[in-house]
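Engineer: Sharing a model that was predicted from the sequence below.
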Amino acid sequence: MRISRFLKTLLPAMAALGAFCVGSSMAPDQSAAQTKSQVCPNSDSGLKLPAGFCATIFADNIGHARHLVVAPSGAVYVNTWSGDYYPPNDKPPAGGFLVALQDKTGSGTADVKERFGETAQTGGAGGSGIALYKGSIYAEINDRIVRYSLAAGSLTAQGPATTVVSGLPLGGDHPMHPFLITADGSMYVDVGTATNSCQLKNRTLQSPGAVPCTELETRGGTWRYDANKTNQPFTPGDRFATGIRNGEGFALDATGKHLFVTQHGRDQLHANWPDLYKPEQEATLPAEELLLLKAGGDYGWPECYYDAEQKKLVLAPEYGGDGGKTVGVCANKIPPVAAFPAHWGPNGAVFYDQKQFPVHYRNGVFIAFHGSWDRAPFAQAGYNVVFQPLAGDRASGPCEIFADGFAGPVMTPEKAEHRPSGLAVGPDGSLYIAEDITGRIYKVVYVGGSAGGGAKFTPCPGPSAPAGPIERAEAKPPEGTNPDAGLPVPAGATREMVALGDRIYHGEVGGASCTGCHGSSGKGSPLGPDLTDKKWLWSDGSYAGIAKTITDGVMQPKEYRSPMPPMGGAQLTADQVSALAAYVWGLSQH
């Protein structure tokens with residue numbers, strides 16, 4: 001749908017909504033400004049955008065929407081995921097995990113919604129990756145990438161899926177398989193790592209890295225297959241590039257010559273190596289990355305991580321690193337094209353080469369950041385979409401915050417209202433954003449802005465930006481603001497111990513990351529269970545039983561994919577373990 005027709009249809013109802021276009025002023029493309037007016041159609045998205053941009057809620061509540069693609073017809077196809085990333089007993093919407101959406105009335109909202117593909121009843125759990133190639137939908141489902149043929153005049157697939165690749169690794173820290181298909185049918189597939197940093201004991205205090213890291217034989221890189229073939233088995237020999245911890249967002253430039261992928265930087269430098277890293281470095285290291293993919297390239301994981309302040313790859317502590325001073329083998333690894341703040345979680349990417357947006361946004365990559373969990377006790381961050389300008393195979397400037405406000409008032413994994421995950425550009429140049437909490441799809445359009453004045457953009461925080469003040473996600477913890485506010489105390493503990501356990505739980509003492517998995521209020525998140533519901537899987541819920549679970553860790557969870565290393569991967573004393581157990585017991589009895 002062309003924007004001019006869109007506005008003509010809605011202009012009478014939209015005139016009063018112009019004030020909802022928020023953000024700073026910028027100089028638009030002159031030709032675009034002549035045919036657009038500064039009004040926002042149905043601007044109820046809650047997003048903060050640069051001046052001249054507006055967002056509508058294209059669809060909502062479709063399941064945990066991950067990646068998406070837009071057909072030449074304007075139909076939007078979304079892959080939804082209800083695998084073990086999400087809480088147990090999380091019931092997906094009825095029907096297939098693939099969702100087709102279409103706006104036939106020009107309202108900016110999908111009025112046609114159809115589901116297809118595998119269902120929970122047929123053993124499916126959905127996936128992240130999706131692509132459109134030669135008129136067929138390609139989608140990740142469980143350990144496979146399959147193809148659905150789209151019949152002429154039909155929005156959804158007709159007939160069963162054909163398997164393109166099978167046997168993709170599942171389980172571990174990163175079980176998803178996003179992918180991209182180029183014009184010649186080359187299909188690049190992300191196979192994320194099973195661990196944080198290839199330690200002998202994952203996410204555990206001072207556990208050394210495996211030598212060699214045999215995980216790299218089948219994980220931690222990009223694999224290449226042929227989208228024109230079927231029944232291709234996953235094999236180590238099809239690896240295209242290595243040393244990529246989790247490359248979820250692929251973006252191909254307009255020339256088809258430069259393929260980029262994002263990388264999630266590793267976690268828990270201070271928590272696992274407190275003698276080498278300061279507490280605030282848990283929140284500021286290492287950088288997230290945008291990589292230029294090269295055949296046979298090695299990007300450094302697990303031996304290296306990128307320090308954006310030093311602007312270089314440095315040796316990881318699991319492999320002899322000394323807190324960022326030594327480079328070692330990292331001198332021979334491929335550094336990123338661009339770097340971003342730590343732990344923001346780049347989940348989706350798309351190259352913009354259309355003409356609807358101003359010239360400034362052409363020939364660059366939009367990146368959807370899912371948001372951090374590993375910054376406690378400092379404020380979490382990310383939960384936004386940024387724009388990274390490019391010139392060929394390199395960055396042409398710093399990144400800019402493009403869309404913000406997804407999370408709402410509380411920016412944590414368990415409290416965020418929405419978390420960006422996927423991006424796609426429509427044939428009319430609109431930008432579509434998928435988020436995976438409620439399953440909302442946003443459509444962002446450009447409707448014009450002032451031609452005067454210089455361009456103004458909101459820069460991303462720089463590599464030297466401090467972690468910020470220690471911050472609790474809520475104004476008050478669940479038990480109040482002081483030890484006398486009401487948490488019960490188990491026999492054998494004291495109220496002072498509960499107060500200390502409160503500080504340990506929230507990352508203020510000891511360096512543990514409890515809130516990252518169990519939430520700031522203990523009510524759980526996609527990574528860890530609710531500690532307040534009296535449901536215990538590893539003990540009888542007694543004070544002693546909780547202390548033992550904290551000490552031993554949970555390396556093979558029964559209902560969640562993420563393990564809990566002993567003492568949360570931190571260096572807690574026996575007294576601190578007792579205090580933390582007293583606090584958790586109090587949460588469960590409150």
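Structural biologist: It's in.

Engineer: wait, is Ile546 part of a helix?
Structural biologist: Yes. The assignment for Ile546, made by DSSP: H, G, I helix; E, B strand; the rest coil, places it in a helix.

Engineer: Just to check, it is in contact with Ala581?
Structural biologist: Yes. With contacts defined as C-beta atoms under 8 Å, Ile546 counts as touching Ala581 at a distance of 4.4 Å. Just so you know, the C-beta spots here come from the backbone N, C-alpha and C atoms, and that holds for glycine as well.

Engineer: what about the longest helix belonging to the chain, distance to the chain center?
Structural biologist: The residue-count maximum for a helix in the chain (DSSP state H) belongs to helix 574-589. In this view, helix 574-589 has its centroid 31 Å away from the chain centroid, taken as C-alpha atoms, centre = their mean, to the nearest Å.

Engineer: pull the CA atoms of that helix into PDB?
Structural biologist: The C-alpha coordinates for helix 574-589 follow below in PDB (Å, rounded to 0.1, in the frame of the first residue of the first chain):
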ATOM      1  CA  ALA A 574      29.000 -19.700  53.600                       C
ATOM      2  CA  ASP A 575      27.400 -16.800  55.600                       C
ATOM      3  CA  GLN A 576      26.200 -15.200  52.400                       C
ATOM      4  CA  VAL A 577      24.700 -18.400  51.200                       C
ATOM      5  CA  SER A 578      22.800 -18.700  54.500                       C
ATOM      6  CA  ALA A 579      21.600 -15.100  54.200                       C
ATOM      7  CA  LEU A 580      20.500 -15.600  50.600                       C
ATOM      8  CA  ALA A 581      18.600 -18.800  51.500                       C
ATOM      9  CA  ALA A 582      16.900 -17.000  54.400                       C
ATOM     10  CA  TYR A 583      15.800 -14.200  52.000                       C
ATOM     11  CA  VAL A 584      14.500 -16.700  49.400                       C
ATOM     12  CA  TRP A 585      12.700 -18.700  52.100                       C
ATOM     13  CA  GLY A 586      11.100 -15.500  53.300                       C
ATOM     14  CA  LEU A 587       9.900 -14.700  49.700                       C
ATOM     15  CA  SER A 588       8.300 -18.100  49.500                       C
ATOM     16  CA  GLN A 589       6.400 -17.600  52.800                       C
END
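
Engineer: Check which residues of that helix are buried.
Structural biologist: Applying a neighbour-count criterion of 16 or more other C-beta atoms under 10 Å, one finds 576-588 buried in helix 574-589.

Engineer: which stretches of the protein form helices?
Structural biologist: Under DSSP H, the chain gives helices at 3-14, 30-34, 269-272, 281-284, 495-505, 514-518, 543-552, 574-589.

Engineer: would a markdown table of the buried residues of helix 574-589 with distance to Gln263 be doable?
Structural biologist: Supplementary listing: the buried residues of helix 574-589 in a markdown table, determined by distance: C-beta to C-beta, whole Å:
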| residue | distance to Gln263 |
| --- | --- |
| Gln576 | 34 |
| Val577 | 34 |
| Ser578 | 39 |
| Ala579 | 37 |
| Leu580 | 33 |
| Ala581 | 36 |
| Ala582 | 40 |
| Tyr583 | 35 |
| Val584 | 34 |
| Trp585 | 39 |
| Gly586 | 40 |
| Leu587 | 35 |
| Ser588 | 38 |
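
Engineer: CSV for these, including pLDDT and distance to Gly300?
Structural biologist: Putting those into CSV (pLDDT from 0 to 100; distance: C-beta to C-beta, whole Å) gives the following:
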residue, pLDDT, distance to Gly300
Gln576, 87, 34
Val577, 89, 35
Ser578, 90, 40
Ala579, 88, 38
Leu580, 89, 34
Ala581, 88, 38
Ala582, 89, 42
Tyr583, 90, 38
Val584, 91, 37
Trp585, 87, 42
Gly586, 87, 43
Leu587, 88, 40
Ser588, 86, 42
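
Engineer: Looking at these, which is nearest Arg419?
Structural biologist: Proximity of the buried residues of helix 574-589 to Arg419 was ranked by C-beta to C-beta; the top entry is Leu587 with 24.7 Å.

Engineer: Who are the contact partners of the residue nearest to the closest one when sequence neighbours are not counted?
Structural biologist: Excluding the flanking residues, the one nearest Leu587 by C-beta to C-beta, 6 or more residues apart in numbering is Gly522, at 4.4 Å. Residues counted as contacts of Gly522 (C-beta atoms under 8 Å, 6 or more residues apart in numbering) are Pro478, Tyr505, Asp530, Leu531, Thr532, Val584, Leu587.

Engineer: Recalculate using a threshold of 10 Å.
Structural biologist: By C-beta atoms under 10 Å, 6 or more residues apart in numbering, Gly522 lies in contact with 414, 477-479, 505, 514-515, 528-533, 583-584, 586-588, 590.

Engineer: hmm, which of these are the buried ones?
Structural biologist: Buried by 16+ other C-beta under 10 Å: 414, 477-479, 505, 514-515, 528-532, 583-584, 586-588, out of those.

Engineer: Might you report the residue contacts of Ile334?
Structural biologist: Neighbour list for Ile334: Ala241, Gly243, Ile244, Leu291, Leu292, Leu293, Lys294, Gly297, Asp298, Tyr299, Gly300, Leu313 [criterion: C-beta under 10 Å, 6+ apart].

Engineer: Nearest the geometric middle of the protein, what residue?
Structural biologist: With distances taken as C-alpha atoms, centre = their mean, the residue of the chain nearest its centroid is His370 (3.2 Å).

Engineer: pLDDT at that one, what is it?
Structural biologist: What the model reports as pLDDT for His370 is 97.

Engineer: Please report the distance of it from Ala139.
Structural biologist: Spatial separation of His370 from Ala139 under the definition C-beta to C-beta, to the nearest Å is 20 Å.

Engineer: just to revisit the earlier point, residues bridging contact with Ile546 and Ala581, i.e. touching both?
Structural biologist: Residues touching both Ile546 and Ala581 (C-beta under 10 Å, 6+ apart): Pro490, Ser539.

Engineer: Test my guess that Trp301 contacts Ala241.
Structural biologist: No. Proximity of Trp301 to Ala241 does not meet the contact threshold set by C-beta atoms under 10 Å, at 11.0 Å.

Engineer: intersection of neighbour lists for those two?
Structural biologist: Shared contacts of Trp301 and Ala241 (C-beta under 10 Å, 6+ apart): Gly220, Gly221, Gly247.
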